[in-house]
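>>> sharing a model that was predicted from the sequence below.
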Amino acid sequence: MEERDDDVPLTKTKIKVGVVYSLKKGIESKAIDEEAEYDNIETVVAINEALSSNDVEVINIEADQNLFDKIKHEKVDIVFNIAEGIKGRGREAQVPAILNMLKIPFTGSDETTLCLALDKALAKRILSTYNIETPRYLLIKADDFNIPKIKLRYPLIIKPNAEGSSKGIGDTCVVSTKEQLVIELIKNRELYHTDILVEEYLDGREFTVGLIGNGQNLHVFEPMEIVYLSKTQADYCVYNYKIKQDFQKYIDYKCPSTIERKIIEKMKKQAKKIFNVLGCRDFARIDFRLDSNEEIYFIEINPLPGLAYGYSDYPMLASFCGMDYQHLIRNILKAGALRYGIRPYNEDDHESIQ
Ligand SMILES: Nc1ncnc2c1ncn2[C@@H]1O[C@H](COP(=O)(O)OP(=O)(O)OP(=O)(O)O)[C@@H](O)[C@H]1O
Ligand SMILES: [Mg+2]
């Protein structure tokens, strides 16, 4: 059981949960996806409603620069964390680090896992030492203005190294010549000022795999296949920002997928291994893509996946697998709370994660 603040009693009948979040602010920017990772208030309200019950009191706390004082003052038993943080490569780690410093329990992965997962190149590097296949890549640092010698096989996909929600992944992100590559690199650097990942593009089928729970109770949902109704960029299929905004038009989600069971089982096994190797907790979503020989490749992991009702992939795949939004959110809380020895709901209301 994990360490918790001594003044939080274990035997209270009602627990107090703080939903901690980062909201979109409508910041003006040249990049249309500037605030892609932040949440709308509707998501906070949906989580609040899903968690509220006779046993659970819920309050909302915005993860702004006053978080430290606000969270100390509120004396919550546990935080339901969906905060993306404010700035920097380690931004997703900011809230968990503050909570750990204050010894406040929280759902989801800790700061170290969130940092290394957000850095795609770092996660790929670590996972490749565990024999997880991932596309070959090159990392270009934000302050490196030389166009590097590329030893990778075209086509290549260009994406910011530490973003999510397809931020920075546009209509022209797959390139098949050096000239196109240079144009994309310059564009990316100007808009996002971040390290850039240049990765071999895989042209096989795409899947995202959700997980929930911990240890023996870690459950892997059926992989959800992202089936493209039309090519998104010339000859390429990319689940880019525009497609995600208008997914009903471009995507058919298949869960379960019709692909061979052997591939599904292998992917689920890999997802579990990745979750554990990176020290994830409570929930995560992992993206995979196949190559033309149907070999499975890890693309990236989201230990803080979006939870927007009716929009984000994670609640969508859970619902395909029979776990509706309310149960999903409660099960995330339960997974986190149980690690600290807190029982968020009474036994009559106890839903199994499996
Ligand atoms: N190496 C690759 N080969 C083929 N397609 C890729 C590759 N890398 C990324 N993609 C495409 O780009 C999409 C977005 O990439 P990625 O998942 O790395 O970005 P993200 O912004 O972190 O996504 P999320 O919204 O899941 O946080 C993928 O879903 C996939 O369609
Ligand atoms: Mg992704």
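Ah, there it is. Ligands and ions are numbered 1, 2, ... in the order given.

>>> what's the helix or strand for the residue nearest to residue 313 when sequence neighbours are not counted?
Take residue 313 and drop its neighbours on the chain: the residue closest to it by Cβ to Cβ, 6 or more residues apart in numbering is residue 208, 5.3 Å away. The way it works is simple: take the backbone N, C-alpha and C, and place the C-beta from them, glycine included. Taking DSSP states H and E as the definition, residue 208 sits inside strand 206-213.

>>> give me the contact list for that strand.
With contacts defined as Cβ atoms under 8 Å, 6 or more residues apart in numbering, strand 206-213 is touched by 218-221, 223-226, 237, 239, 257, 267-268, 271-272, 275, 280, 282-290, 305, 313-314, 317-318, 321, 323, 328, 331-332, 335, 353.

>>> also near ligand 1: which of these, exactly?
Filtering the contacts of strand 206-213 for neighbours of ligand 1 using Cβ under 6 Å from any ligand atom leaves 239, 287, 289.

>>> and the longest helix for this protein?
Longest helix of the chain, by residue count under DSSP state H: helix 261-277.

>>> averaged pLDDT, that one. What do you get?
Per-residue pLDDT values over helix 261-277 give a mean of 98.

>>> which bits of the stretch 101-250 of the chain sit near ligand 1?
Residues of the stretch 101-250 of the chain lying close to ligand 1 by Cβ under 6 Å from any ligand atom are 135, 157, 159, 163-167, 169, 199, 201-202, 206, 238-239.

>>> coming back round to it: most neighbours, which of the ones next to ligand 1 among the contacts of strand 206-213?
Using other Cβ atoms under 10 Å as the neighbour criterion, residue 289 leads these with 22 neighbours.

>>> which one is it nearest to, not counting chain neighbours?
That would be residue 202: by Cβ to Cβ, 6+ apart, it lies 4.5 Å from residue 289.

>>> now that neighbour: how far from residue 63?
Separation of residue 202 from residue 63 (Cβ to Cβ, to the nearest Å) stands at 35 Å.

>>> what's the answer for residue 337, then?
Residue 337 is 20 Å from residue 63, by Cβ to Cβ.

>>> ok, then the element right after the helix or strand of the chain with the lowest mean pLDDT?
When the helices and strands of the chain are scored by mean pLDDT, DSSP states H and E, helix 241-245 comes last with a mean of 84. Downstream of helix 241-245, the next assigned helix or strand under DSSP H and E is helix 247-250.

>>> same question for that following helix, mean pLDDT?
On average, helix 247-250 scores 89.

>>> which strands or helices does it pack on?
Applying 3 or more Cβ pairs under 8 Å, 6 or more residues apart in numbering; DSSP states H and E, we find helix 247-250 packed against no helix or strand.

>>> distance from the chain centre to it, please.
How far helix 247-250 lies from its chain's middle: 21 Å, per Cα atoms, centre = their mean, to the nearest Å.

>>> quick one: residue 59 and residue 76 touch, right?
Yes - using Cβ atoms under 8 Å, residue 59 is in contact with residue 76, at 7.0 Å.

>>> need the overlap of contacts for those two.
By Cβ under 8 Å, 6+ apart, the residues touching both residue 59 and residue 76 are 16-18.

>>> closest one of those residues to residue 343?
If you rank the shared contacts of residue 59 and residue 76 by distance to residue 343 using Cβ to Cβ, residue 17 comes first, at 12.6 Å.

>>> isn't that closest one up against residue 79?
Yes - Residue 17 lies in contact with residue 79 (Cβ under 8 Å); the separation is 7.3 Å.

>>> quick one, helices of the protein?
Along the chain, counting by DSSP H, helices occupy 41-51, 67-74, 94-101, 111-118, 120-128, 178-192, 241-245, 247-250, 261-277, 313-320, 325-339.

>>> hey, least reliable of those by pLDDT?
The stretch with the lowest average pLDDT out of the helices of the chain is helix 241-245, scoring a mean of 84.
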